[in-house]
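A.B. asks: Kindly generate the corresponding structure for this input.
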Amino acid sequence: MSIYVGNLSFEVTQDDLSQVFRIGSVKRVQLPTDRETGRPRGFGFVEMGTEEEEAAAI
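C.D. replies: Sure thing, here's the model as predicted:
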């Protein structure tokens, strides 16, 4: 399961998002980019180590 994180600044990096969710173990952070411009699209996904950590983060 992944946590959707929306309304992000275009300046946010994967490291920034990992720091926000350091409540538990972050397995993966994904920030989709626009195909044509390469610029972040303003949302991302965070995958935590366990479902309990994901529930706590939400």
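A.B. asks: use CA for all of it now, contacts and neighbours both
C.D. replies: Noted.
A.B. asks: the helices in this structure, which residues?
C.D. replies: Under the criterion DSSP state H, helices of the chain are mapped to 14-20, 51-57.
A.B. asks: between these, which one is nearest to residue 44?
C.D. replies: Residue 44 lies closest to helix 14-20 among the helices of the chain, at 8.6 Å (CA to CA).
A.B. asks: who does the closest one touch, helix- and strand-wise?
C.D. replies: strand 26-30 (3 or more CA pairs under 8 Å, 6 or more residues apart in numbering; DSSP states H and E).
A.B. asks: one more time with 10 Å, if that's ok
C.D. replies: Helices and strands touching helix 14-20, by 3 or more CA pairs under 10 Å, 6 or more residues apart in numbering; DSSP states H and E, are strand 26-30, strand 44-48.
A.B. asks: hmm, back to that, tell me which of the helices of the chain lies nearest to residue 43.
C.D. replies: Closest to residue 43 of the helices of the chain, according to CA to CA: helix 14-20, at 10.5 Å.
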